[in-house]
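J.: coordinates only, no sequence provided:
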């Protein structure tokens, strides 16, 4: 897929990996809808940086935990840009929730944002993506393929993203390609210390941490790979093969 002039919606585009994905799409010539909830300043700066590079972008606020928000967000993007070609489902939360201490409210909030919202966004975007021969990239996580005792609900939501990706690839073919990326340690949680980072480096086969640029590279590959659909690319420095 050539990205020049295409319309791309990136959820969670105001911070961390989502911001890197939005910036990359803008630099590639896409017209970018930058979704945010709590990161208004980050979304505005993402849009400004795309504009400084000669691209076009606009921020869109939505609390995707609200069940009506995904449909409204897609509608607003289509009204502003005239259509939708690319959906990147990046917005998510990762909370430490040890087994035995998980509350119903934590469970519901995590599933609402990490899994229900991407599904509802895909459902709302499908007719527009089909009409324009578009593509979807879902951001999963290495936790979908490993067992992390302190992050069980998070891992369950990301396993759901992998299954959703495979199912939507079949449902929306041949008009729309649907793929996913499962990043490993490309950005550590804000509360992790240097010791935690060093331990991750030492136990990663490539002996280094990744960066958002590694996820960007996978996204650009998937958007350009016209004979790839239903796949999840693991971007983790080899951690999933270390045992």
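T.: Good, I have the coordinates. Computed from a prediction, not measured in an experiment: that's the story for all the values here.
J.: from the chain's centre, how far out does stretch 199-210 sit?
T.: Stretch 199-210 sits 23 Å away from the centroid of its parent chain (C-alpha atoms, centre = their mean, to the nearest Å).
J.: equivalent analysis for stretch 142-162, please.
T.: 15 Å.
J.: measure that stretch end to end?
T.: 10 Å (C-alpha to C-alpha, to the nearest Å).
J.: contacting residues for the residue positioned nearest the centre of the chain?
T.: When C-alpha atoms, centre = their mean is applied to the chain, the residue found nearest the centroid is residue 90 (2.1 Å). By C-beta atoms under 8 Å, 6 or more residues apart in numbering, the contact set of residue 90 is 10-13, 17-18, 21, 139. (C-beta placed from N, C-alpha, C; glycine too.)
J.: neighbouring contacts of the worst-scoring helix or strand of the chain on mean pLDDT?
T.: Ranked by mean pLDDT, DSSP states H and E, the weakest helix or strand in the chain is helix 194-202, scoring a mean of 74. Applying C-beta under 8 Å, 6+ apart, the contact partners of helix 194-202 are 185, 188, 207-209.
J.: please redo it, this time with the cut-off set to 6 Å
T.: Outside of helix 194-202, the residues within contact range by C-beta atoms under 6 Å, 6 or more residues apart in numbering are 185, 188, 208-209.
J.: buried set for it?
T.: residue 200 (16 or more other C-beta atoms under 10 Å).
J.: now the element after it, going C-ward?
T.: helix 212-224 (DSSP states H and E).
J.: pLDDT of the helix ranked longest in the chain, averaged?
T.: If you go by DSSP state H, the chain has its longest helix at helix 152-172. Taken as a whole, helix 152-172 has an average pLDDT of 97.
J.: 672 is where my numbering starts, stick with that
T.: Yep, numbering from 672; the last one is helix 823-843 now.
J.: and the helix or strand just after that helix, what does it pack onto?
T.: Sequence-wise, the next helix or strand downstream of helix 823-843 (DSSP H and E) is strand 848-854. If contacts are counted by 3 or more C-beta pairs under 6 Å, 6 or more residues apart in numbering; DSSP states H and E, strand 848-854 sits against strand 806-810, helix 823-843, helix 883-895, strand 903-906.
J.: show residues contacting strand 848-854.
T.: Contacts for strand 848-854 (C-beta under 6 Å, 6+ apart): 806-813, 815, 836, 839-840, 843, 886, 889, 893, 900, 902-906.
J.: again, only using 8 Å
T.: 688, 793, 806-813, 815-816, 829, 832-833, 836, 839-840, 843, 881, 885-886, 889-890, 893, 896-897, 899-907.
J.: pull out the buried members of these.
T.: Judged by 16+ other C-beta under 10 Å, buried ones among the contacts of strand 848-854: 688, 793, 806-813, 815-816, 829, 832-833, 836, 839-840, 843, 881, 885-886, 889-890, 893, 900, 902-907.
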